[in-house]
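**Q** here you go, sequence then predicted model.
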Amino acid sequence: MNHPFHLAGLCRLIILSAWMSAACLDGTSLAASFSGTVIDKDSGKPIRGAIATLDGQQQVSDAAGHVALSGTSSMLRIRALGYKRAEIDLGRIQDPQQIALEPIAAKAVYLSIYGIGAASLREPALQVIESAGLNAVVIDMKGDGGQIPYASAVPLASRTGALRVRTVGDLPKLVTGLKSRGLYTIARIVVFKDNLLASAQPAWTVRRNDGSLWKDTEGQSWIDPFRTEAWNYSLGVAEEAAAAGFDEVQFDYVRFPDATGLRFAEIPTQANRIGAITGFLREARRRLQPYNVFIAVDVFGYICWNRTDTNIGQRLEDLAPLVDYISPMLYPSGFQFGIPAYRNPMLAPYAIVHNSLDAARERTSGYPVRFRPWLQAFRDYAFDQRRFGAGEIRAQIDAAEAAGTSGWMLWNPRNVYSTEGIVRMQTDVRD
């Protein structure tokens with residue numbers, strides 16, 4: 001919970017100063033300036049690498065946490081990895097203010113477009129969040145089949161039929177309501193796996209070598225990542241989510257299909273594949289810059305281990321400079337070949353998560369990117385179909401916490417969650 005600052009804290013907090021001055025005699029515009037130091041709310045220490053945005057201009061805080069910006073807008077936006085975002089209306093500041101960023105490690109559950117719209121799924125999930133002491137939620141703003149749950153103004157959305165199932169009546173109101181519960185909000189956007197867009201724009205689709213339309217094992221068509229003209233669709237949805245107030249935009253299926261014998265608009269060499277995926281993320285970062293929103297990308301679990309792009313265009317060293325958070329899907333069910341020293345992932349949920357994160361962090365030590373993994377909260381589908389209950393869930397959570405992640409997220413495609421395993425972990429942390 002945010003607490004008001006008091007004058008007694010002046011001696012221990014670093015003061016941020018801001019001022020407004022008239023830029024034009026006719027009053028048509030104002031000049032806004034900011035000069036100050038970004039600090040940690042809990043420790044009072046300066047934050048290096050915080051990003052301040054004012055009137056489209058950005059500056060990264062130095063080792064002393066200092067930033068200085070000027071522009072014509074009065075809204076200063078600041079964010080830093082591992083902290084909540086801050087927005088400061090410089091026009092309302094008359095005296096020096098004590099402003100700091102609040103640390104956060106997002107611990108979330110996932111809700112699909114149906115999960116957020118159906119009270120029978122949404123309310124129990126929110127109750128689990130409250131009871132278990134979680135602080136975040138991931139919501140589909142563009143789901144696995146290409147559906148968009150709100151009244152998107154992106155032109156292609158209506159043409160593709162993505163708006164036929166409306167489960168969110170008022171998107172800003174939804175986000176405001178979730179924030180009133182103290183929740184960090186994450187908008188999940190599925191990018192290149194989009195059956196609806198593929199049907200509306202067949203020229204953009206992934207093809208077989210014989211030229212016929214390719215579909216994955218779920219019968220879904222994909223968009224060719226080399227088709228840069230298709231990027232605007234998902235990025236438009238991302239901008240709408242950011243404008244609605246989401247704290248983070250999380251891109252999923254930002255990759256090539258994991259299949260062979262496919263034809264693309266360009267020769268799918270490793271360099272070309274990586275270029276397409278990083279190109280999309282660079283454009284996403286450019287488009288989302290004014291919104292002060294965090295950017296995350298979901299990746300295969302084996303991306304933590306493989307030094308190549310795993311034939312899908314995802315390589316950690318290339319992704320790390322472009323996003324704020326990397327979210328590897330560390331489901332034991334997804335590690336069909338195990339990991340070094342652990343050949344049966346069903347018997348080693350802790351090792352799968354912890355060792356994968358250790359491997360990933362070692363490879364990205366030169367970048368400020370943080371990891372927030374997806375954890376398995378669903379029945380195994382690849383080995384012995386065992387139920388993932390309290391023991392398995394807790395083992396994964398403990399592993400993520402021990403590895404020093406910026407939180408974690410539970411995935412259940414049915415959107416059905418329990419406090420089993422979560423509550424015990426929270427109690428252990430408090431004790």
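**A** Sure thing, it's come through.

**Q** which residues in the stretch 1-150 of the chain form strands?
**A** Using DSSP state E, counting those that start in this stretch, the strands assigned to the stretch 1-150 of the chain run over residues 17-22, 30-37, 51-54, 57-60, 66-71, 75-79, 86-89, 106-111, 136-142.

**Q** mean neighbour count, these: which tops it?
**A** With neighbours defined as mean count of other C-beta atoms under 10 Å, the strands of the stretch 1-150 of the chain peak in mean count at strand 136-142, which reaches a mean of 26. C-beta coordinates here come from the backbone N, C-alpha and C atoms, glycine included.

**Q** which other helices and strands contact that one?
**A** Based on contacts counted as 3 or more C-beta pairs under 8 Å, 6 or more residues apart in numbering; DSSP states H and E, the elements that strand 136-142 packs against are strand 106-111, helix 113-117, helix 119-132, strand 184-190, helix 231-243, strand 407-411.

**Q** pairing partners for it, with directions?
**A** Strands adjacent to strand 136-142 in the sheet, as given by DSSP bridges, are strand 106-111 (parallel), strand 184-190 (parallel).

**Q** redo those as JSON lines? Include mean pLDDT.
**A** What follows is the strands paired with strand 136-142, written out as JSON lines (pLDDT from 0 to 100):
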{"stretch": "strand 106-111", "mean pLDDT": "98"}
{"stretch": "strand 184-190", "mean pLDDT": "98"}
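
**Q** Ser70 is nearest to which of those?
**A** Comparing these by their distance to Ser70 (C-beta to C-beta), the top pick is strand 184-190, with 30.2 Å.

**Q** the inter-axis angle of that closest one versus strand 407-411?
**A** Angle, strand 184-190 to strand 407-411, by axes from the mean of the first three to the mean of the last three C-alpha atoms, to 10 degrees: 50 degrees.

**Q** between the strands of the stretch 1-150 of the chain, which one is closest to Ala153.
**A** strand 136-142 (13.2 Å).

**Q** now do the closest one, average pLDDT.
**A** Strand 136-142 shows a mean pLDDT of 98.

**Q** next: stretch 234-252.
**A** Taken as a whole, stretch 234-252 carries a mean pLDDT of 98.

**Q** now swap in stretch 35-49 and tell me
**A** Mean per-residue pLDDT for stretch 35-49: 95.

**Q** list the contacts of the closest residue in space to Ala153 that isn't next to it in sequence.
**A** Distances taken as C-beta to C-beta, 6 or more residues apart in numbering put Glu240 closest to Ala153, at 7.1 Å, once the chain neighbours are dropped. Taking C-beta atoms under 8 Å, 6 or more residues apart in numbering, we find Glu240 in contact with Met141, Tyr150, Ser152, Ala153, Val154, Leu171.

**Q** got phi/psi on the closest residue in space to Arg48 that isn't next to it in sequence?
**A** With C-beta to C-beta, 6+ apart as the criterion, Arg48 has its nearest non-adjacent residue at 5.1 Å, and that residue is Ala63. Note on Ala63: backbone dihedrals following degrees, to the nearest 10 are phi -60, psi -30.

**Q** ditto for Glu317
**A** When quoted as degrees, to the nearest 10, the phi and psi of Glu317 stand at phi -60, psi -30.

**Q** then Asp318?
**A** Dihedral angles (degrees, to the nearest 10) for Asp318: phi -90, psi -30.

**Q** equivalent analysis for the one 4 residues further on, please.
**A** Backbone torsions of Leu322, given as degrees, to the nearest 10, read phi -110, psi -10.

**Q** how many neighbours does it have?
**A** The criterion is other C-beta atoms under 10 Å. On that basis, Leu322 has 19 neighbouring residues.

**Q** hmm, back to that, for Asp210, which of the strands paired with strand 136-142 is the nearest?
**A** With distances scored as C-beta to C-beta, the stretch of the strands paired with strand 136-142 nearest to Asp210 is strand 184-190 (27.1 Å).

**Q** which of the residues in whichever helix or strand Asp358 is part of are buried?
**A** Using DSSP states H and E, Asp358 maps to helix 349-363. Using 16 or more other C-beta atoms under 10 Å as the test for burial, helix 349-363 gives 349-357, 359-361, 363.

**Q** contact partners of it?
**A** Residues outside helix 349-363 that contact it (C-beta under 8 Å, 6+ apart): 301, 303-305, 316-317, 326, 328, 330, 332, 335, 339-342, 345, 371, 373, 375-376, 388, 392, 395-396, 398-400, 402-405.

**Q** and after it, which helix or strand comes next?
**A** The element immediately downstream of helix 349-363 (helix or strand, assigned by DSSP H and E) is strand 370-371.

**Q** neighbouring strands of that next one in the sheet, and parallel or not?
**A** Taking DSSP bridges as the criterion, strand 370-371 forms sheet pairs with strand 325-329 (parallel).

**Q** got the angle between the partner strand and helix 349-363?
**A** Here strand 325-329 points in a direction 140 degrees away from that of helix 349-363 (the same axes, to 10 degrees).

**Q** who touches strand 325-329?
**A** When contacts are taken as C-beta under 8 Å, 6+ apart, the neighbours of strand 325-329 outside the stretch itself are 81, 248, 250, 294-301, 303-304, 316, 319-320, 356-357, 360, 364, 369-374, 406, 409, 411.

**Q** do the same with stretch 310-319
**A** Residues external to stretch 310-319 that are found in contact with it (C-beta under 8 Å, 6+ apart): 225, 254-258, 270, 273-274, 276-278, 281, 297, 299-300, 302-304, 306-309, 326, 360, 363-364, 369.

**Q** which of the residues you listed are buried?
**A** Looks like the contacts of stretch 310-319 have 225, 254-257, 273-274, 276-278, 281, 297, 299-300, 302-304, 306, 309, 326, 360, 363-364, 369 buried, using 16+ other C-beta under 10 Å.

**Q** sitting in strands, which of those residues do you find?
**A** Using DSSP state E to define strands, the subset of the buried ones among the contacts of stretch 310-319 located there is Val297, Val299, Phe300, Ile326.
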